[in-house]
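Asks: all I have is the shape, not the residue letters:
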């Protein structure tokens, strides 16, 4: 049977027919068949086609970042608040899904295709991203500091779980298949991790409150001998808790302090059952778009008038649980406006239309003067994506006036969302009673649009707005992320055929780098703000949860759909990447305790060396200098 790569041995004039008629070249998942685009649409201008496709995949990554950060994460935040989840529970459930959504959805798409090549791509991306984050990103964080101290218990917990996930994945690849029970086992292991985090938080909370109350009694009456004296690390901990508060799901020591330690105005106590306003980093549009993959839920904001100052609660600015910044690049910024007009007057209609136009404006005029040249260029480049997403994904934000209600735009969403979902899910040819599904969806959406226009007003959001539009925004953001991830995987697969590159290598390099650049930017920025512990916690815990959720959900859905186990193959590239990743985590487990958890700068250079050696070994294996596997 002819393989798709064989088209390289066919005459140029016959390549289009070969690709069209060869089964292994078919791409039924993507919206565009990229091999046909290159060899059938632009057969005489292949360099132009290649350049266009490289620019297109870069833009797809930008779209993926915008969708996940500005639409998917706000929906998860609102759902978490509606369900009244504690920050800790939301952090290891919705936060993990939101922050790792690009990786998780890419894995679901790749494994769902049933192609062994795209499966290589998915597993290669998981190992490659984990290795990049735990060597390059952790190394960069370490080098940016003279030294920093890690919390013992969360560090051991995350490393052990991640090492177990890596070994289990390697074993499944070695075994050659992944059954339904194994896929569910990944999800069960993730649930066990969540339970362990919650129980650990509860136990630590009880312990630290008891210790803190004892310490407070000593401070109030120094003549009372409680038999307790805080160690140097504990004193540092208590001092840091008075200076700032930030939530990290993987480190209970960093996300809670007892009420007795909330004296003064330097900081404030966060109750895990309340959604307290917490300062957050105000990053620029370009950095924010890059930083969507797996970074931290809260960051410390530089106050414009007092850089580096963390104000008391009444001076704080709310930052949602998941990474999205409404004040800089959120669609809600464009929806917010005054609502002080009478219903259905001429002024009200003009104001309503003005609100609609402002909401659709893809350029952030309000912050344009503060943007750097880089941010302005990015804002212009993002215009098409922002406009399309604004029209097809509703956003509900509890912190905004009327939860971000915009009558005309939100009514229009009821028409655009059903039609867009049919197009994105490729349901244009399917029919019900001989009527195309998009037509049915459009008619239903039009009726709902008219109903909302007749029964609502601009100055008051309907009672159904918050629950219905939150779910609608959540579903539409998932559809968009899934579609974009599908296009990225299809395009990377096409690159593999065009340049004869192994799918695992593409996953280890291009896909893993693209999904991890955000971690590099944001985690190093966090370290420079004085929080390297938080950055390193995200580097270890994030990829672990992505692997458990990504492979678990993707394999389970794929097996349920196909009815047969997922076929795997342990290629040389996967052997090399998994071995180096396990070496890196073992280095963490050995070297950092030997340093008494006071990580020195030399360790960052050591991690860089591991990644360079990995790249050399992987490329030598691919080029055939030696063969592994």
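Replies: Okay, I see it. Every value quoted in this text rests on a predicted model; they were computed, and no experiment measured them.

Asks: low-confidence stretches in the stretch 451-600 of the chain?
Replies: Scanning the stretch 451-600 of the chain for pLDDT under 70 picks out 503-504, 507, 511, 514-515, 517-519, 521-522, 525-526.

Asks: hmm, try it at 90
Replies: Counting by pLDDT under 90, the stretch 451-600 of the chain has low-confidence residues at 456-461, 474, 477-478, 481-546, 549-550, 553-554, 557-558, 560-575, 577.

Asks: same question for the stretch 1-150 of the chain.
Replies: Along the stretch 1-150 of the chain, segments meeting pLDDT under 90 span 1-14, 21-32, 42-46, 61-62, 64-130, 133, 137, 144-150.

Asks: just the strands in it please.
Replies: 147-149 (DSSP state E, counting those that start in this stretch).

Asks: do the same with the chain
Replies: Listed in chain order, the strands of the chain (DSSP state E) span 147-149, 177-178, 431-432, 435-436, 566-567, 598-600.

Asks: show me what the fourth one is packed against.
Replies: Taking 3 or more CB pairs under 8 Å, 6 or more residues apart in numbering; DSSP states H and E as contact, there are no helices or strands that strand 435-436 lies on. (Each C-beta comes from the backbone N, C-alpha and C, glycine too.)

Asks: sheet partners, orientation included, of that strand?
Replies: Strand 435-436 pairs in its sheet with strand 431-432 (antiparallel), by DSSP bridges.

Asks: what about residue 593, how many neighbours?
Replies: As a burial measure, residue 593 scores 13 neighbours (other CB atoms under 10 Å).

Asks: oh sorry, the question was meant for residue 404
Replies: Neighbours of residue 404 using other CB under 10 Å come to 29.

Asks: can you give me the distance of it to residue 5?
Replies: 49 Å (CB to CB, to the nearest Å).

Asks: now residue 386
Replies: Residue 386 is 38 Å from residue 5, by CB to CB.

Asks: looking at these two, which is more packed in?
Replies: More crowded of residue 386 and residue 5, by other CB under 10 Å: residue 386, with 22 against 14.

Asks: excluding its backbone neighbours, what's nearest that one?
Replies: residue 362 (4.0 Å; CB to CB, 6 or more residues apart in numbering).

Asks: then residue 111?
Replies: Of all residues not flanking residue 111 in the chain, residue 554 sits nearest, at 4.0 Å (CB to CB, 6+ apart).

Asks: who's in contact with that neighbour?
Replies: Contacts of residue 554 were listed using CB atoms under 8 Å, 6 or more residues apart in numbering, and they are 104, 107, 108, 110, 111, 112, 122, 183.

Asks: what about it, distance to residue 100?
Replies: Separation of residue 554 from residue 100 (CB to CB) stands at 12 Å.

Asks: same check on residue 55?
Replies: Residue 55 is 26 Å from residue 100, by CB to CB.

Asks: of the two, who's got more company?
Replies: residue 100 (26 against 10).

Asks: residue 485 versus that one, what's the distance?
Replies: Separation of residue 100 from residue 485 (CB to CB): 12 Å.

Asks: just residue 427 next, same as before
Replies: Distance from residue 427 to residue 485, counting by CB to CB: 18 Å.

Asks: who's more crowded, these two?
Replies: residue 485 (24 against 14).

Asks: do I have it right that that one meets residue 64?
Replies: Yes. Using CB atoms under 8 Å, residue 485 is in contact with residue 64, at 6.6 Å.

Asks: circling back to that earlier point, contacting residues for the residue nearest to residue 386?
Replies: Neighbours of residue 362 in contact, by CB under 8 Å, 6+ apart: 382, 383, 384, 386, 387, 390.

Asks: cool, and residue 449?
Replies: With contact set as CB under 8 Å, 6+ apart, residue 449 has these partners: 411, 412, 414, 415.

Asks: what about the closest residue to the second one other than its chain neighbours, distance to residue 516?
Replies: Closest residue to residue 412 in three dimensions, ignoring its sequence neighbours and counting by CB to CB, 6+ apart: residue 449, at 6.6 Å. Noted for residue 449: a distance of 41 Å to residue 516, by CB to CB.

Asks: what's the answer for residue 194, then?
Replies: Where residue 516 is concerned, residue 194 sits at a distance of 24 Å (CB to CB).

Asks: same deal with residue 601?
Replies: Where residue 516 is concerned, residue 601 sits at a distance of 22 Å (CB to CB).

Asks: out of those two, which sits in the more crowded spot?
Replies: Neighbour totals were compared for residue 601 and residue 516, and residue 516 leads with 27 against 14 (other CB under 10 Å).

Asks: test my guess that that one contacts residue 140.
Replies: No. Between residue 516 and residue 140 there is no contact under CB under 8 Å: 11.4 Å.

Asks: which residues of the stretch 251-400 of the chain score low on pLDDT?
Replies: Confidence mapping of the stretch 251-400 of the chain against pLDDT under 90 gives the ranges 251-379, 397-400.

Asks: just give the closest residue to residue 25, not the sequence neighbours.
Replies: Leaving aside its chain neighbours, residue 25 sits nearest to residue 4 (4.1 Å; criterion: CB to CB, 6+ apart).

Asks: who are the neighbours in contact with that neighbour?
Replies: Taking CB under 8 Å, 6+ apart, we find residue 4 in contact with 19, 22, 24, 25, 35, 497.

Asks: which among those residues end up buried?
Replies: 19, 22, 25, 35, 497 (16 or more other CB atoms under 10 Å).

Asks: determine which two of the residues you listed are furthest apart.
Replies: Taking CB to CB as the measure, the buried ones among the contacts of residue 4 reach their widest spread between 22 and 497, a distance of 10.5 Å.

Asks: common neighbours of these two, please.
Replies: Joint contacts of residue 22 and residue 497 (CB under 8 Å, 6+ apart) are 4, 7.

Asks: ok, back up a step: in TSV, list the buried ones among the contacts of residue 4 along with distance to residue 204.
Replies: Shown next, in TSV, are the buried ones among the contacts of residue 4 (distance: CB to CB, whole Å):
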residue	distance to residue 204
19	59
22	59
25	55
35	54
497	52
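
Asks: so which of these are in helices?
Replies: Among the buried ones among the contacts of residue 4, the ones falling in helices (DSSP state H) are 19, 35, 497.

Asks: okay if I get the residues you listed as TSV plus distance to residue 443?
Replies: Putting those into TSV (distance: CB to CB, whole Å) gives the following:
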residue	distance to residue 443
19	39
35	37
497	41
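
Asks: which strands or helices does the longest helix along the chain pack on?
Replies: When the chain is parsed with DSSP H, its longest helix is helix 180-220. Other elements packing on helix 180-220 under the criterion 3+ CB pairs under 8 Å, 6+ apart are helix 87-92, helix 152-175, helix 232-243, helix 252-255, helix 532-562.

Asks: closest one to residue 145 among those helices?
Replies: helix 532-562 (5.1 Å).

Asks: so that closest one versus helix 180-220, what angle?
Replies: With axes from the mean of the first three to the mean of the last three CA atoms, to 10 degrees defining the directions, helix 532-562 sits at 160 degrees from helix 180-220.

Asks: buried ones in helix 532-562?
Replies: For helix 532-562, the buried set under the neighbour-count rule, 16+ other CB under 10 Å, comprises 532-556, 558-559.

Asks: can you check stretch 565-585 too?
Replies: Residues of stretch 565-585 classed as buried by neighbour count (16+ other CB under 10 Å): 565-566, 568, 570-582, 584-585.

Asks: chain center to that stretch, what's the gap?
Replies: Here the centre of stretch 565-585 is set off from its chain's centre by 23 Å, with CA atoms, centre = their mean, to the nearest Å.

Asks: show me the helices in the stretch 301-450 of the chain, by range?
Replies: For the stretch 301-450 of the chain, applying DSSP state H, counting those that start in this stretch gives helices covering 326-329, 331-335, 346-360, 365-368, 373-381, 383-392, 407-424, 437-455.

Asks: go through these and pick out the most buried.
Replies: helix 331-335 (a mean of 23; mean count of other CB atoms under 10 Å).
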